[in-house]
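> I'll drop the sequence and a predicted model, then ask my questions.
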Amino acid sequence: MPAETINDLLARAGRDPRAGLRFVDRDERAFHLGWAEIRERALAACGQLQALGAAPGDRVALIFPTGPDFFTAFFGTLLAGAIPVPLYPPLRLGRLGEYLRRTGRMLARVGAAVVLADRRVARLLGESVAEARPPLGCRTLDELPAGRAHPAAVTPADLALVQFSSGTTVDPKPVALSHRAILAQATALNNLWPDSAERKHTGVSWLPLYHDMGLIGCALPVLARDTTLTLLAPEHFVARPALWLRTLSRYRATLSPAPNFAYALCVSRIAESDLAGVDLSSWFTAMNGAEAIAPSVLRAFEERFSPYGLKRGVLTPVYGLSEAALAITFSDLGRPYRTGRFDRERLARQGVAVPAETGREIVAVGRPLPGFALRIADPFGRPLPEGQVGRVWASGPSLMDGYLDDPQATGRVLQNGWLDTGDLGFLDSGELFLTGRAKDVVILRGRNHSPEEIERAVETLPGLRPGSAVAASWLPEEGQGEVLGLFAERRREASAGELAALPEACRTAVLGATGLALDEVVLLAPGTLPRTSSGKLRRGETLRLHLAGALLPPPPATPLRLVRAVARSQLAYARSRIERLWGRADG
């Protein structure tokens with residue numbers, strides 16, 4: 001009988017004692033935890049939560065770095081019939097106050113009954129807990145009372161996870177996913193890579209466990225495969241990108257996903273000396289998703305690492321979002337990625353994709369997974385033919401139940417089994433090409449333009465932090481037309497000469513790449529631009545802060561007592577060089 005819940009999968013895992021989770025630290029030391037032991041730890045946590053007073057249906061917030069305790073708390077919560085809500089740990093000292101306020105709002109939003117946190121993180125959460133007032137308080141696993149586990153009866157329709165959407169254009173929303181939806185997603189992913197006598201697929205991931213790509217895309221499918229997943233902490237990857245490729249090589253992994261910035265980081269930040277002995281020939285699928293995909297990054301990554309065994313056809317653009325549990329489309333496995341060039345004028349003015357040799361280059365993100373479907377619609381929901389740009393709607397077996405306790409917001413995006421993704425794109429030969437976000441479109445003189453294309457034009461300019469630019473347009477109160485602005489963070493080590501040349505360099509680069517003239521170039525201190533919990537730039541919030549005169553650099557250093565508290569905790573998240581998780585680290 002097939003498993004119907006995540007709890008079923010956990011109970012059946014462990015048939016192979018070698019299977020489980022392997023944790024690799026920044027010094028490449030490994031620690032293995034088998035599925036049987038993971039389940040024993042989770043049963044203990046289940047009993048402790050029940051002794052504390054957690055009841056089926058309670059929301060349990062989890063704030064842990066990547067490590068065994070996250071899985072103990074996650075599976076223990078599920079065994080108790082409660083609903084885990086993974087939240088991100090503090091990333092940096094400079095914005096600790098902002099982190100605490102945001103976390104407090106998220107805890108209150110989901111009505112968390114209890115917060116489970118890493119011992120070192122828990123010391124910092126007082127303000128967040130005081131704001132949300134979870135009735136069972138904030139506890140570490142060591143602080144839970146002893147209790148005997150009585151695993152709750154769970155059905156496929158019960159909620160298994162609440163994950164916050166990234167909130168690129170708005171405040172993040174709590175996405176409610178059932179056991180049925182998550183298992184449907186895990187099954188769809190596992191079916192892409194059947195094991196054979198020649199190849200048994202294994203994975204490596206450094207993606208954060210509070211994000212769907214790391215948890216649902218990597219950690220949960222391996223329960224059904226009864227294999228081993230190797231995990232790195234995301235902060236270790238950002239500090240030392242070569243660790244990812246060295247780990248892939250060492251364990252002969254076949255599968256590993258990452259967002260676009262990670263591939264760019266590997267190209268720019270890995271020294272040849274770090275690649276001694278690295279062999280990437282086992283890498284079968286390198287998924288690229290979660291953010292806009294730059295064709296130049298794909299080409300650069302292939303060129304840089306093909307001498308180390310990376311094969312053509314490994315890089316696989318994909319598309320998905322939290323509200324669909326994760327993936328919706330996949331490029332054909334083993335086939336070199338596909339790009340197309342399309343006339344900018346026709347895209348901007350008419351929303352029609354017309355091939356053009358010197359047009360805007362866009363990466364195809366593939367076709368719907370089996371059981372999923374796409375449609376491109378106009379603003380009134382009417383379907384559009386291939387080649388016309390419209391809103392991307394998706395349907396499939398892993399769609400969310402809705403936004404937690406928010407039927408109005410749910411009703412705006414879920415209609416008759418279809419999800420309005422909020423993304424814009426078109427179909428060409430059955431494959432999806434994304435052109436931007438509906439709420440992020442730059443509008444100039446009646447034409448729509450992609451902010452990503454403008455932002456990419458300045459990525460390599462000396463003195464700017466890669467991946468840290470926002471393009472936006474607005475109509476001044478007394479203006480005669482729209483204004484196009486670029487907000488970009490400078491590098492910490494940028495010279496005075498580089499800074500002086502940057503405004504004109506930005507204008508020249510954007511004009512050459514897009515034909516658009518920048519009206520304003522605003523240079524900012526590192527860490528100024530607002531970002532989502534997963535590190536994505538928030539364009540709408542950037543513009544709002546700019547127009548309000550509030551686009552300011554991070555506050556001064558945190559008081560010494562908090563610095564010491566974080567230092568004692570040895571949280572790599574507090575390292576000054578980690579400015580964001582999904583963005584690129586400053587040199």
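Great, that's in hand. Numbering: from 1, shown residues only.
> so where's the stretch 51-200 of the chain uncertain?
The stretch 51-200 of the chain contains residues with pLDDT under 70 at 91-95, 166-171.
> and with 80 instead?
Along the stretch 51-200 of the chain, the parts satisfying pLDDT under 80 run over 91-95, 98, 166-172, 197.
> For it, which segments are assigned as strands?
Secondary structure of the stretch 51-200 of the chain (DSSP state E, counting those that start in this stretch): strands at 59-63, 83-86, 114-117, 138-139, 159-164, 174-178.
> can you tell which of those is closest to Ala525?
The closest of those to Ala525 is strand 159-164. By Cβ to Cβ, the value is 27.1 Å. For the C-beta atoms, the positions are set from N, CA and C on the backbone; glycine is no exception.
> Just checking: what are the partner strands of that closest one?
strand 174-178 (antiparallel) (DSSP bridges).
> Now do the strand it pairs with: everything it contacts.
85, 106, 109-110, 156-165, 322-323, 325, 398, 400-406 (Cβ atoms under 8 Å, 6 or more residues apart in numbering).
> tilt between that strand and strand 59-63?
Strand 174-178 and strand 59-63 are oriented at 110 degrees to each other (axes from the mean of the first three to the mean of the last three Cα atoms, to 10 degrees).
> re earlier: just the buried ones from the contacts of strand 174-178?
Among those, those that count as buried by neighbour count (16 or more other Cβ atoms under 10 Å) are 85, 106, 109-110, 156, 158-165, 322-323, 325, 398, 400-404.
> and the nearest residue to Ala13 once chain neighbours are set aside, how many neighbours?
Leaving out its chain neighbours, the residue that sits closest to Ala13 by Cβ to Cβ, 6 or more residues apart in numbering is Trp35, at 3.8 Å. Neighbour count for Trp35, taken as other Cβ atoms under 10 Å: 26.
> What of Val442?
Neighbour count of Val442, defined by other Cβ under 10 Å: 24.
> quick check: domain ranges of this structure?
1-234+558-587, 442-554 (automatic domain parsing).
> Measure how far the shortest one is from the centre of its chain, please.
It refers to domain 442-554. A distance of 22 Å separates the centroid of the chain from that of domain 442-554, by Cα atoms, centre = their mean, to the nearest Å.
> what's the model's confidence in it, averaged?
Averaged over domain 442-554, pLDDT sits at 85.
> Asn7 reaches Thr77, doesn't it?
No. Between Asn7 and Thr77 there is no contact under Cβ atoms under 8 Å: 10.7 Å.
> In this structure Tyr99 contacts Leu87, no?
No. Contact status for Tyr99 versus Leu87: not in contact, 10.1 Å apart, counting by Cβ under 8 Å.
> right, and the strands of the stretch 51-200 of the chain - which one's nearest Ala500?
Using Cβ to Cβ, the nearest of the strands of the stretch 51-200 of the chain to Ala500 is strand 159-164, at 40.8 Å.
> and that closest one, how far from the chain's centre?
15 Å.
> hmm, who's touching that strand?
Contacts of strand 159-164 (Cβ under 8 Å, 6+ apart): 5-6, 57, 59, 78, 83-87, 106, 110, 172-179, 181-182, 210-212, 215-216, 322, 401, 404, 533.
> which residues touch Thr103?
Applying Cβ under 8 Å, 6+ apart to Thr103 gives the contacts Ile63, Leu87, Leu125, Ser128.
> try Leu107
Counting by Cβ under 8 Å, 6+ apart, Leu107 makes contact with Ala61, Leu87, Val115, Ser128, Val129, Glu131, Ala132, Pro134.
> Report how many residues lie close to the residue nearest to Phe284 when sequence neighbours are not counted.
In space, and not counting its chain neighbours, Phe284 is closest to Thr254: 4.1 Å by Cβ to Cβ, 6+ apart. Applying other Cβ under 10 Å, we find 20 residues neighbouring Thr254.
> Let me see the residues that make contact with the one helix or strand Leu424 maps to.
Per DSSP states H and E: Leu424 is located in strand 418-428. Outside strand 418-428, the residues within contact range by Cβ under 8 Å, 6+ apart are 169, 321, 323-324, 328, 340, 353, 364, 374-376, 384, 386-395, 399-400, 412-414, 432-439, 441.
> quick revisit: to Val483, which of the strands of the stretch 51-200 of the chain lies closest?
The closest of the strands of the stretch 51-200 of the chain to Val483 is strand 159-164. By Cβ to Cβ, the value is 32.3 Å.
> Count the residues that sit near Glu345.
Glu345: 15 neighbours (other Cβ under 10 Å).
> Which elements pack onto the strand or helix carrying it?
Using DSSP H and E, Glu345 sits within helix 344-350. Taking 3 or more Cβ pairs under 8 Å, 6 or more residues apart in numbering; DSSP states H and E as contact, the helices and strands that helix 344-350 lies on are strand 447-449.
> how about a cut-off of 10 Å?
Under the contact definition 3 or more Cβ pairs under 10 Å, 6 or more residues apart in numbering; DSSP states H and E, helix 344-350 sits against strand 360-363, strand 431-437, strand 442-444, strand 447-449, helix 496-514.
> could I have the last one exported to PDB, CA atoms only?
Spelled out, that is helix 496-514. These are the backbone C-alpha positions of helix 496-514, laid out as PDB (Å, rounded to 0.1, in the frame of the first residue of the first chain):
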ATOM      1  CA  ALA A 496      36.800  56.300  -4.900                       C
ATOM      2  CA  GLY A 497      37.500  56.200  -8.600                       C
ATOM      3  CA  GLU A 498      35.100  53.300  -9.200                       C
ATOM      4  CA  LEU A 499      32.300  55.000  -7.200                       C
ATOM      5  CA  ALA A 500      32.700  58.200  -9.100                       C
ATOM      6  CA  ALA A 501      32.500  56.400 -12.500                       C
ATOM      7  CA  LEU A 502      29.600  54.100 -11.500                       C
ATOM      8  CA  PRO A 503      26.600  56.300 -12.300                       C
ATOM      9  CA  GLU A 504      27.700  56.900 -15.900                       C
ATOM     10  CA  ALA A 505      28.800  53.300 -16.300                       C
ATOM     11  CA  CYS A 506      25.400  52.100 -15.200                       C
ATOM     12  CA  ARG A 507      23.700  54.400 -17.700                       C
ATOM     13  CA  THR A 508      25.900  53.200 -20.500                       C
ATOM     14  CA  ALA A 509      25.500  49.500 -19.600                       C
ATOM     15  CA  VAL A 510      21.700  49.700 -19.400                       C
ATOM     16  CA  LEU A 511      21.400  51.700 -22.600                       C
ATOM     17  CA  GLY A 512      23.500  49.300 -24.500                       C
ATOM     18  CA  ALA A 513      21.700  46.200 -23.200                       C
ATOM     19  CA  THR A 514      18.100  47.300 -23.300                       C
END
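> Which among the helices and strands packed on helix 344-350 is found nearest to Ala286?
strand 360-363 (13.6 Å).
> buried stuff in that closest one?
By neighbour count on 16+ other Cβ under 10 Å, the buried set for strand 360-363 is Arg360, Ile362, Val363.
> Partner strands of it, with direction?
Strand 360-363 has these strand partners (DSSP bridges): strand 339-342 (antiparallel).
> Which positions within the partner strand qualify as buried?
Across strand 339-342, burial judged by 16+ other Cβ under 10 Å covers Gly340, Arg341, Phe342.
> Let me know whether the second one touches Ala364 as I believe.
No. Taking Cβ atoms under 10 Å as the contact criterion, Arg341 and Ala364 are not neighbours in contact, 11.9 Å apart.
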